[in-house]
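S.K.: Got a predicted model here, sequence first, then my questions.
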Amino acid sequence: MHIAVRRIIVILCFVAVGTIFAWRWWNEQVAASQMVGIASANGRLEAVQVNVSAKEPGRIVEVLVNEGDLVQPGQVMARIDIETLSADLSKAKADLAEAESNATVAKSTIEKRESEYKLADLNYARQKDLFEKKISTKQDFDEAESDVKAKRAALEEERAKLETIAFSVKSATAVVQGIQTRIDDSTLTSPVLGRVLYKLAQPGEVLPSGGKVLTLLDLSDIYMEVFLPSQEVARIRIGADAKITLDALPGYSASARVSFVSPEAQFTPKQVETKSERDKLMFRVKIQVPHEKVLPYIDRIKTGVRGVGYVKLDDDVEWPPSLQKPFPPPRPAKPAE
């Protein structure tokens, strides 16, 4: 009796195990049939790194962000000492004020010389008329002619001086603007919507020109890189529909687009004469997530998260149901207690 029961139990166990394996095999076959015309590979979320550097050498006064902070475009992140530049700016502004004052004086002098020239020109015309009528002497006419020429020369001289002074004003203005630009560049702001990855310098440190202060992750440029064989890459077009899934959130996917396909193989066998060896060539494919899809999750995006990237090889292929469930909306942050 006990032996018969044991046999039945063993048979039932084999049947159960066989059923499980058959069920798994059937699901794999169904899943494989749904993935016809779709390439996939493992990958991870990545973002472009942006270095925030000092344009000119200087001492760091303060760094206003820490690693992990989310920063907005234009947000002030660090300041570099501008004491020397402020002194240079004051001197440059004084030079500009002096040049502008000289220009004002030159314009007044020109107005005076123009008035003198007009008077001399009228006198010359009058003396010429009197001389032609033989009322005035030749000496009076010559004096009038000489005087109008002198007044014209004096006017042209003052105009030339004003042009020189005008160049001085432009030069002084350029110096002021240049120093002001250098002062503005001493306030380091975020060029992107991103997260602080590395804090590379501390207040008090003196940086050379181009010295790095912070490294940011540009969260407006989130993508996943996958590597696909040459036969599949040959069928992928730039802009093709793609999907991204994450290991941390199974069952959900995000819509994306193929933004780049490498023209060169990343993994190349030593010999590629045969077709079987050429099939081993792997090419890098970049799957870009649209910014509007990333924005709602901007506080939670973390690069390095593993997942799988899927790419349509044929535009007419439909996504399987397993890749049509979008990520759930982010939960609102809890208020600080």
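M.R.: Sure, I can see it. Residues are numbered from 1 along each chain as shown.
S.K.: Residue 243 and residue 104, how far apart?
M.R.: Distance of residue 243 to residue 104, given as C-beta to C-beta, to the nearest Å: 70 Å. From N, CA and C alone the C-beta is placed, and that goes for glycine too.
S.K.: who's more crowded, those two?
M.R.: Ranked by neighbour count (other C-beta atoms under 10 Å), residue 243 and residue 104 place residue 243 first, with 23 against 11.
S.K.: Give the full set of residues in contact with the more buried one.
M.R.: 253-256, 309-310, 319, 323 (C-beta atoms under 8 Å, 6 or more residues apart in numbering).
S.K.: switch to 6 Å and redo it
M.R.: Contacts here follow C-beta atoms under 6 Å, 6 or more residues apart in numbering; on that basis residue 243 touches 253, 310, 323.
S.K.: Quick check: nearest residue in space to residue 314, chain neighbours excluded?
M.R.: residue 37 (4.3 Å; C-beta to C-beta, 6 or more residues apart in numbering).
S.K.: And for residue 168?
M.R.: Spatial nearest neighbour of residue 168, chain neighbours left out: residue 99 (4.4 Å); criterion: C-beta to C-beta, 6+ apart.
S.K.: Tell me how many other residues crowd that neighbour.
M.R.: Neighbour number of residue 99 under other C-beta under 10 Å is 19.
S.K.: for the helix or strand harbouring residue 125, packing partners?
M.R.: Under the criterion of DSSP states H and E, residue 125 resides in helix 83-132. For helix 83-132, the elements it packs on are helix 138-185, judged by 3 or more C-beta pairs under 6 Å, 6 or more residues apart in numbering; DSSP states H and E.
S.K.: quick revisit: wouldn't the residue nearest to residue 314 be in contact with residue 317 here?
M.R.: Yes. Residue 37 lies in contact with residue 317 (C-beta atoms under 6 Å); the separation is 3.7 Å.
S.K.: ok, back up a step: got the contact list for the residue nearest to residue 314?
M.R.: 313-314, 317 are the contacts of residue 37 under C-beta under 6 Å, 6+ apart.
S.K.: can I assume residue 317 sits in a strand?
M.R.: No. Using DSSP: H, G, I helix; E, B strand; the rest coil, the secondary structure at residue 317 is coil, not a strand.
S.K.: Give me the pLDDT for the closest residue to residue 89 other than its chain neighbours.
M.R.: Nearest residue to residue 89, sequence neighbours excluded (C-beta to C-beta, 6+ apart): residue 179, at 4.5 Å. In this model, residue 179 is scored at 94, pLDDT.
S.K.: separation between residue 179 and residue 186?
M.R.: Distance from residue 179 to residue 186, by C-beta to C-beta: 11 Å.
S.K.: Also residue 264?
M.R.: 42 Å.
S.K.: the more surrounded of the two?
M.R.: Taking neighbours as other C-beta under 10 Å, residue 264 and residue 186 compare with residue 186 leading, 19 against 8.
S.K.: got a list of what that one touches?
M.R.: 80, 82.
S.K.: 8 Å instead?
M.R.: Contacts of residue 186 by C-beta under 8 Å, 6+ apart are 54-56, 58, 79-82, 85.
S.K.: Of those, which belong to helices?
M.R.: residue 85 (DSSP state H).
S.K.: Can you flag the buried ones in the contacts of residue 186?
M.R.: Buried residues within the contacts of residue 186, defined by neighbour count using 16 or more other C-beta atoms under 10 Å: 54, 58, 79-82, 85.
S.K.: Show me what the host helix or strand of residue 310 is packed up against.
M.R.: Assigned by DSSP H and E, residue 310 falls within strand 306-312. Packing partners of strand 306-312 (3 or more C-beta pairs under 8 Å, 6 or more residues apart in numbering; DSSP states H and E): strand 38-53, strand 212-229, strand 241-246, strand 282-288.
S.K.: cutoff 6 Å now
M.R.: strand 38-53, strand 241-246.
S.K.: nearest spatial neighbour of residue 197, skipping sequence neighbours?
M.R.: residue 215 (4.7 Å).
S.K.: OK, contacts around the one you found?
M.R.: Residue 215 neighbours (C-beta under 6 Å, 6+ apart): 49, 51, 197-198.
S.K.: likewise residue 67?
M.R.: Contact analysis of residue 67 by C-beta under 6 Å, 6+ apart lists 196, 199.
S.K.: Regarding it, what is its secondary structure?
M.R.: Strictly by three-state DSSP, residue 67 counts as coil.
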